[in-house]
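Asks: Here's my sequence, what's the structure:
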Amino acid sequence: MHQPVKDSLEEYLRGVGGSFKKPLPPDFEKHLEACSECTAELSEFERHTAALRALRTPENAEPRSGFYARVMQRIDDARATSTVWAAFLEPLFAKRLAFVSATVVVLLGGYLISTERGHLRPLHNSAVVVSAGPVSDNVDSTTPQERDAVLAKLVYYGE
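Replies: Next comes the predicted model:
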């Protein structure tokens, strides 16, 4: 019988002097008179209730004079002391800044990689295009003037 009574102690305290919202267990008050453990717990609840009621503010509590002016002054002071760097401390702004920075790094990296590939063409392909004359397997058979002409064409083509 202890547990149903203990579960209903708060309801009993709420309804003292009025009507109970939910029905109390049968023989509730008889059990309280006979059981010292439940009576002690009820008195603990009554002490806590009295302490909490003492902490309540009156219904017509008003702030002291000048309260709103002090609040507005603090808000103005906080705005005046905030700097441009304080924006970087805002979590949402910091996340957006990190996302934009990462996007810029990825885009610039992709641009650099795509433009660098064009400069990495193998030299033998350009040499074949430049040397429009007959190609011989014997390198020693070419004259020094032919070699100079090919080198000049390669230098001119590279520029």
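
Asks: How far off centre is the helix or strand hosting T49?
Replies: Per DSSP states H and E: T49 is located in helix 36-54. Centroid displacement of helix 36-54 relative to its chain, using CA atoms, centre = their mean, to the nearest Å, is 45 Å.

Asks: Enumerate every residue touching the spatially most central residue of the chain.
Replies: Nearest to the mean C-alpha position of the chain, counting by CA atoms, centre = their mean, stands P91 at 6.3 Å. Contact analysis of P91 by CB atoms under 8 Å, 6 or more residues apart in numbering lists nothing. Any C-beta I mention is one placed from the backbone N, CA and C, and that applies to glycine too.

Asks: distance of it from L97?
Replies: According to CB to CB, to the nearest Å, P91 stands 11 Å off from L97.

Asks: circling back to that earlier point, who's in contact with the helix holding T49?
Replies: 2, 5-6, 9-10, 12-13, 31-33.

Asks: can you pick the most crowded of those residues?
Replies: Scoring the contacts of helix 36-54 on neighbours with other CB atoms under 10 Å, the highest-scoring entry is V5 at 21 neighbours.

Asks: Could you pull up the contacting residues of that one?
Replies: With CB under 8 Å, 6+ apart, V5 has these contacts: 25, 28, 31-32, 35, 38.

Asks: neighbours of C35, just the number please.
Replies: 16.

Asks: ok, it touching H2?
Replies: Yes - C35 sits in contact with H2 when judged by CB atoms under 8 Å, with a separation of 7.0 Å.

Asks: For the longest helix along the chain, buried residues please.
Replies: Of all segments of type helix in the chain, defined using DSSP state H, the longest is helix 91-118. Going by neighbour count (16 or more other CB atoms under 10 Å), nothing in helix 91-118 comes out as buried.

Asks: re earlier: can you name the element that comes right after the helix holding T49?
Replies: helix 67-81.

Asks: rewinding a little: and which of the contacts of helix 36-54 is nearest K153?
Replies: E10 (101.3 Å; CB to CB).

Asks: still on that earlier bit, how about the contacts of V5 in TSV, adding pLDDT and distance to A61?
Replies: Converted to TSV, these look like this (pLDDT from 0 to 100; distance: CB to CB, whole Å):
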residue	pLDDT	distance to A61
P25	76	39
F28	77	37
H31	82	41
L32	79	36
C35	85	41
C38	84	37
